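**Student:** predicted model, plus sequence, below.
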Amino acid sequence: MNLKRFFIRVSGDMAYIQPMAKRYRLGISTTVDYTVDIYEQLRLFSKAGFEFVSIGAQLEHSRFPEPDRFVELAEKAAGLGLAIESAHAPFGDEYDLAATGGALRQAAADKTIDFARRSAEYGIPMVIIHPHHYFSDDKEACFERAADSLAKVLLGKPDKIVVAIENLPTREGSWICDQLLQALDRRRVGFCYDSSHENMSGAPFHLLKKHYLRMITCHLSDNQGFKDQHLVPGDGNIKWDELRSYFDKSPKIHDVLLEVGTGEKLTEPVEEFVMRAAKRAKEIFG
């Protein structure tokens, strides 16, 4: 028995061993609003009580391509009490690991490897990857191409970088993620669970129920089940008590990462939004 996960409760003359509640660290992605300077974002995140950040896929916003400026940014984050937990690899045609053209697919794998290497140089431990972008053929073919490219990425990335693949919206995207998690070595690839994407692509928690043990990070936001709205948890129809029950059972997930807002989808001042997101995250996971 791992006694670190239990505590002793004494009642009268009797002592009981009870499970210890899991302590979650709360974080937020810089995707909140790319029109807000990242230094201002860091200030707001720290003020709201978040403990870590994830770098969004719009790299220019974070100064990621400029080593001196990004190192300065990381030092600023640390001074505000914010660790950088992960970085999201860019996505789109240039980073499509399941592109139908072999040359395009190889170029996407090479760019993803370069991104992982730069992340390692910055001391960022985890890279989040979209396993595919849009595809026009069948899901089985897309899965095969994505699996082949991810195998190349895993061979080329630095050893100290952990890779997490994200489930994407639509039933096909959900199926592809499921197949990849079954096909790829669990010691080399983890699961970035996106609650909004799952809510758009099938029965509630169909992926979470199956792969909660593979979770190493997450993108949490809410929606009404038909659009990727990036709402604050509780503003949509996801059942957060049930979602948390899977998190509590998952041994590797201790960092809860919100991916909310995303610029034009904000309906309130960004500072109010960030504070409200932090408050709700603490209510669910605190």
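**Tutor:** Looks like it came in fine.

**Student:** shaky segments in the stretch 1-150 of the chain?
**Tutor:** 1-20 (pLDDT under 70).

**Student:** show me what counts as buried in the host helix or strand of residue 207.
**Tutor:** Using DSSP states H and E, residue 207 maps to helix 206-211. The neighbour-count check on helix 206-211 (16 or more other CB atoms under 10 Å) flags 207-208, 211 as buried. Heads up, the C-betas are built off the backbone N, CA and C, glycines and all.

**Student:** what would those residues look like in TSV with distance to residue 181 and pLDDT?
**Tutor:** Converted to TSV, the buried residues of helix 206-211 look like this (distance: CB to CB, whole Å; pLDDT from 0 to 100):
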residue	distance to residue 181	pLDDT
207	9	98
208	12	98
211	5	98
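
**Student:** give me the nearest residue to residue 74, chain neighbours excluded.
**Tutor:** residue 84 (6.0 Å; CB to CB, 6 or more residues apart in numbering).

**Student:** part of a strand, is that neighbour?
**Tutor:** Yes - Residue 84 sits within a strand when classified using DSSP: H, G, I helix; E, B strand; the rest coil.

**Student:** so who does it touch?
**Tutor:** By CB atoms under 8 Å, 6 or more residues apart in numbering, residue 84 lies in contact with 52-55, 74, 77, 122-124.

**Student:** could you do residue 113 as well?
**Tutor:** Contacts of residue 113 by CB under 8 Å, 6+ apart are 152-153, 156-157.

**Student:** nearest spatial neighbour of it, skipping sequence neighbours?
**Tutor:** residue 156 (3.9 Å).

**Student:** could you measure that neighbour against residue 177, distance?
**Tutor:** Distance of residue 156 to residue 177, given as CB to CB, to the nearest Å: 21 Å.

**Student:** quick one: the strands in this structure, in order.
**Tutor:** For the chain, the strands defined by DSSP state E occupy 6-11, 14-19, 25-29, 52-55, 83-88, 126-129, 162-166, 189-194, 215-219, 255-258.

**Student:** the helices in the stretch 101-250 of the chain, which residues?
**Tutor:** 102-121, 139-156, 171-183, 195-199, 206-211, 240-249 (DSSP state H, counting those that start in this stretch).

**Student:** what comes into contact with the fifth one?
**Tutor:** Under the contact criterion CB under 8 Å, 6+ apart, helix 206-211 has outside partners 167, 174, 177-178, 181, 191, 193, 198, 215, 243, 246.

**Student:** make it 10 Å
**Tutor:** 167, 171, 174-175, 177-178, 181-182, 186, 190-191, 193-195, 197-198, 201, 203, 214-215, 218, 242-243, 245-247, 250 (CB atoms under 10 Å, 6 or more residues apart in numbering).
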